[in-house]
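> Let me see the structure of the following:
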Amino acid sequence: MSKKKAFALRINEEMLKAIEKWASDEFRSTNGQIEWMLMQYLKEHKREPKKKKEE
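Residues are numbered from 1 along each chain as shown. A predicted model of the protein is given here:
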């Protein structure tokens with residue numbers, strides 16, 4: 001499992017409410033939804049992170 005790093009994210013209130021609603025609809029946390037959205041975008045643009053080899 002990859003290590004997670006916390007950081008502050010500034011986002012406008014309306015956008016956050018929309019993400020919270022979407023997360024709720026998908027049974028995810030808001031943080032989980034944002035991570036999922038970012039990964040989908042990275043995959044779509046062929047920029048997903050390289051997976052580390054299992055040791």
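
> Spatially central residue in this structure, please.
Centrality entry for the chain: nearest residue to the mean C-alpha point is E35, 1.0 Å, by CA atoms, centre = their mean.

> So that one versus L16, what's the distance?
15 Å (CB to CB, to the nearest Å). Glycine gets a C-beta too; all of them are placed from N, C-alpha and C.

> ok, now K46?
28 Å.

> any low-confidence regions in this protein?
Residue ranges of the chain with pLDDT under 70: 1, 54-55.

> can you list the residues that contact the helix ranked longest in it?
Of all segments of type helix in the chain, defined using DSSP state H, the longest is helix 30-44. The contact list for helix 30-44 (CB atoms under 8 Å, 6 or more residues apart in numbering) reads L9, L16, I19, E20, W22, A23, E26, R28, E48, P49.

> Take these and lay them out in TSV including secondary structure and neighbour count.
Output for the contacts of helix 30-44, formatted as TSV (DSSP: H, G, I helix; E, B strand; the rest coil; neighbours: other CB atoms under 10 Å):
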residue	secondary structure	neighbour count
L9	coil	8
L16	helix	14
I19	helix	17
E20	helix	13
W22	helix	15
A23	helix	18
E26	coil	11
R28	coil	16
E48	coil	13
P49	coil	8
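
> of these, closest to K3?
Proximity of these to K3 (CB to CB) peaks at P49, which lies at 11.9 Å.

> which residues sit in contact with the closest one?
Here P49 is in contact with S2, L42 (CB under 8 Å, 6+ apart).

> Phi, psi for it please.
phi -60, psi 150 (degrees, to the nearest 10).

> gap between it and Q33?
18 Å.

> now do K50
For K50 relative to Q33 (CB to CB), the value is 24 Å.

> between these two, who's got more neighbours?
When K50 is set against Q33 and neighbours are counted by other CB atoms under 10 Å, the residue ahead is Q33, at 19 against 5.

> quick one: contacts for the closest residue to the more buried one other than its chain neighbours?
Spatial nearest neighbour of Q33, excluding adjacent residues (CB to CB, 6 or more residues apart in numbering): A23 at 3.5 Å. The contact partners of A23, taken as CB under 8 Å, 6+ apart, are S29, T30, G32, Q33.
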